[in-house]
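**Q** got a sequence here, can you build the structure:
(one chain, ligands or ions: 1)
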Amino acid sequence: MSDVKFFSGENIPLEMHKVRMVQRVYLLPIEERAKRMAEAGYNTFLLRNKDIFLDMLTDSGVNAMSENQYAAMLQADDSYAGSETFYRLESVLQDMFNMEYFLPAHQGRACEHILSRLLVTPGSTAIMNYHFTTTKAHICTLGGQIEEIIIDEGLEINSELAFKGNLDINKLNEAIARLGRENICFVRIEAGTNLVGGQPVSMQNMREVSKICRAEGLTLVYDASLLSDNLYFIKKRDGEFKDKEIIDITREIGSLMDIIYFSARKLGAARGGGILTSNKEMFLQMREMVPLYEGFLTYGGMSVREMEAMAIGLQESLDIDIISQTPIFVEVLCRELLTKGVPVVTPPGGLGCHIDARAFCSHLSQEQYPAGALAAAFFLASGVRGMERGTLSEQRNPDGSETLAHMELLRLAFPKRVFTLSQVRYVADRLAWLYENRELIGGLIFEEEPRVLRFFFGRLKTDGNWPEKLIKKFRADFGESL
Ligand code: F0G
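**A** Predicted coordinates:
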């Protein structure tokens with residue numbers, strides 16, 4: 001099965017857009033990159049953008065916007081209360097998900113804050129396919145806990161399964177019986193499951209989970225931040241939806257959920273977020289929090305320009321040629337890496353290409369943060385910035401021990417429609433070189449370790465002087481080349 005759009009029978013992934021504005025990027029020599037990485041405490045979040053060649057940290061807030069999005073920004077109706085921009089955005093969202101009420105919030109985690117305050121009580125449990133870092137942090141900060149019920153294959157690096165993000169229905173039933181539904185604050189489905197490699201959830205699975213939640217009186221929450229990729233995979237990988245319109249798939253998802261929220265830094269290719277529901281009581285309770293934490297109800301902490309761009313971006317995310325660009329490039333990079341023997345998560349998901357750092361750095365233990373070490377080493381080898389998604393992104397247990405992540409991944413995210421195919425080839429080439437020299441990569445040790453979301457601004461040092469050895473080998477193999 002291939003998701004790639006072929007051109008004239010050739011194996012050419014075809015971009016359905018053209019580039020009309022560009023940004024100059026620079027590639028520093030490896031010695032300079034090593035210096036910048038050390039200054040950043042071996043944490044790619046602390047690098048400065050000017051020192052980065054290709055920024056594959058995330059697709060959040062850095063997607064290419066269309067000419068129509070920019071044009072819409074000029075029509076933004078700037079007013080504290082009652083902005084026409086809000087009503088335009090509200091009606092796009094109501095139509096898209098067929099839900100009645102919309103609340104704006106400044107980004108995805110702000111939505112998580114509001115709905116956690118609505119639903120989480122101390123000691124309660126939120127059940128979900130898999131957590132996202134900010135989601136878990138909000139639930140736990142309010143005294144709740146999470147339970148993950150992703151299917152077993154979801155945590156396997158390699159599988160043939162088309163929908164590895166699915167919730168395990170047996171585990172769901174078992175958890176409800178064990179915990180008692182009064183102790184479950186909500187059930188959450190994350191589209192395009194971020195931390196396990198951008199893996200999608202099937203419509204059939206959502207239907208089943210929704211049916212159980214309705215029968216048990218449990219609130220079902222949908223994190224639609226990665227909806228675009230998930231919609232693409234539903235259309236491409238599930239025969240039932242081959243000839244269905246994307247809007248109809250989206251509306252069916254809407255019909256299954258009680259609350260939908262999203263980061264518009266991802267969905268809608270702008271910057272912002274929002275919550276939807278048709279439940280009036282929940283809407284009224286959450287509405288009280290918007291002016292308190294976000295801003296007045298018709299902007300919710302967002303710029304009206306971004307809201308206009310979001311309204312257009314959301315409509316564009318219903319176009320298969322637009323939403324296919326990321327999954328196609330992810331697949332191309334994954335395929336190229338697999339031919340070079342580099343271990344990656346399969347099947348390729350959305351969001352980015354996910355390198356299996358545990359296999360890549362099999363000589364490192366999880367306590368040495370293999371995914372973080374690989375992210376730092378790859379920046380040295382290429383000037384490309386990726387993101388650690390492993391034990392470093394977890395939080396320590398109260399007794400100080402590490403929460404060992406299910407997977408140690410280096411995520412190379414694809415901001416939507418930003419990179420070219422030759423840049424993708426460069427990424428594959430440098431990663432293959434690093435794989436050949438993987439034994440040179442050493443571990444990382446925390447020097448400054450924040451208690452919550454430590455991956456954002458924690459600082460580390462290297463376990464031994466392995467960057468120097470890596471530079472030496474690079475120079476021996478590439479000569480004067482950058
Ligand atoms: N949920 C999911 C599934 C996400 O991927 C993100 C953000 C959020 C919620 C939070 O949204 O950033 O707007 O507050 N993911 C980004 C990433 C940060 O890089 O994957 P936010």
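
**Q** only C-alpha atoms from now on, for both contacts and neighbour counts.
**A** OK.

**Q** show me the helices in the stretch 351-482 of the chain, by range?
**A** In the stretch 351-482 of the chain, the helices defined using DSSP state H, counting those that start in this stretch lie at 357-360, 370-382, 421-436, 454-457, 466-478.

**Q** pick the most deeply packed of the ones you listed.
**A** Comparing the helices of the stretch 351-482 of the chain by mean neighbour count (mean count of other C-alpha atoms under 10 Å), helix 370-382 ranks first with a mean of 28.

**Q** closest one to the ligand among the helices of the stretch 351-482 of the chain?
**A** For the ligand, the closest of the helices of the stretch 351-482 of the chain is helix 454-457, at 10.2 Å, according to C-alpha to the nearest ligand atom.

**Q** send the alpha carbons of that closest one over as PDB?
**A** Extracted in PDB, the C-alpha atoms of helix 454-457 (Å, rounded to 0.1, in the frame of the first residue of the first chain):
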ATOM      1  CA  ARG A 454      11.700  19.300  31.700                       C
ATOM      2  CA  PHE A 455      12.400  18.800  28.000                       C
ATOM      3  CA  PHE A 456      11.500  22.400  27.200                       C
ATOM      4  CA  PHE A 457      14.300  24.100  29.100                       C
END
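
**Q** give me the below-cutoff pLDDT ranges for the chain.
**A** Applying pLDDT under 70 to the chain flags the ranges 1-10.

**Q** about what we covered before: now the helices of the stretch 351-482 of the chain as CSV including distance to the ligand?
**A** Putting these into CSV (distance: least, C-alpha to the nearest ligand atom, whole Å) gives the following:
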stretch, distance to the ligand
helix 357-360, 18
helix 370-382, 14
helix 421-436, 19
helix 454-457, 10
helix 466-478, 26
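
**Q** and Leu276, backbone torsions?
**A** Note on Leu276: its backbone torsions stand at phi -130, psi 150 [degrees, to the nearest 10].

**Q** run through the bridge partners of it.
**A** Per DSSP bridges, the residues bridged to Leu276 are Phe102, Ile260.

**Q** that one contacts Tyr101, doesn't it?
**A** Yes. Look at Leu276 against Tyr101 with C-alpha atoms under 8 Å: they come within range, at 5.5 Å.

**Q** so for those two, which residues contact both of them?
**A** Between them, Leu276 and Tyr101 share the neighbouring residues Gln94, with contact defined by C-alpha atoms under 8 Å, 6 or more residues apart in numbering.

**Q** which one's more surrounded, those two?
**A** Legend: neighbour count by other C-alpha atoms under 10 Å for Leu276 and Tyr101, higher for Leu276 (27 against 20).

**Q** what parts of the chain come near the ligand?
**A** Proximity of the chain to the ligand, by C-alpha under 6 Å from any ligand atom, involves residues Thr58, Ser60, Gln107, Gly108, Arg109, Phe132, Asn194, Ser225, Leu226, Ser263, Arg265.

**Q** export those as CSV, with columns for distance to Asp152 and secondary structure.
**A** Shown next, in CSV, are the residues of the chain next to the ligand (distance: C-alpha to C-alpha, whole Å; DSSP: H, G, I helix; E, B strand; the rest coil):
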residue, distance to Asp152, secondary structure
Thr58, 26, coil
Ser60, 28, coil
Gln107, 31, coil
Gly108, 27, helix
Arg109, 27, helix
Phe132, 18, coil
Asn194, 16, helix
Ser225, 23, coil
Leu226, 21, coil
Ser263, 27, strand
Arg265, 30, coil
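
**Q** list the residues that contact the most centrally placed residue in the chain.
**A** Taking C-alpha atoms, centre = their mean, the centroid of the chain lies closest to Asn194, which sits 4.3 Å from it. Shown in contact with Asn194 (C-alpha under 8 Å, 6+ apart): Phe132, Leu226, Leu351.

**Q** which residues touch Ile259?
**A** Thr219, Leu220, Val221, Tyr222, Ile275, Leu276, Thr277, Ser278 are the contacts of Ile259 under C-alpha under 8 Å, 6+ apart.

**Q** so what are the sheet partners of the helix or strand harbouring the fourth one and their directions?
**A** Pointing back at Tyr222 there. Element membership for Tyr222 (DSSP states H and E) is strand 220-223. Next to strand 220-223 in the sheet, as set by DSSP bridges, lie strand 184-190 (parallel), strand 259-263 (parallel).

**Q** export the ones you listed to a markdown table and tack on distance to Ile322?
**A** As requested, these are exported to a markdown table (distance: least, C-alpha to C-alpha, whole Å):
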| stretch | distance to Ile322 |
| --- | --- |
| strand 184-190 | 21 |
| strand 259-263 | 18 |
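
**Q** so which of those strands comes closest to Glu468?
**A** Nearest to Glu468 among the strands paired with strand 220-223 is strand 259-263; the distance by C-alpha to C-alpha comes to 39.6 Å.

**Q** check the offset of that closest one from the chain's centre.
**A** With C-alpha atoms, centre = their mean, to the nearest Å as the basis, strand 259-263 stands 14 Å off its chain's centre.

**Q** contacts only, for Phe457.
**A** Counted by C-alpha under 8 Å, 6+ apart, Phe457 has contacts Asn43, Phe45, Leu46, Pro450.

**Q** ok, the last one touching Gly458?
**A** Right, the one you point to is Pro450. Yes. Pro450 is within contact range of Gly458, at 5.9 Å (criterion: C-alpha under 8 Å).

**Q** more neighbours: those two, which one.
**A** Using other C-alpha under 10 Å, the more surrounded residue of Pro450 and Gly458 is Gly458, with 21 against 13.
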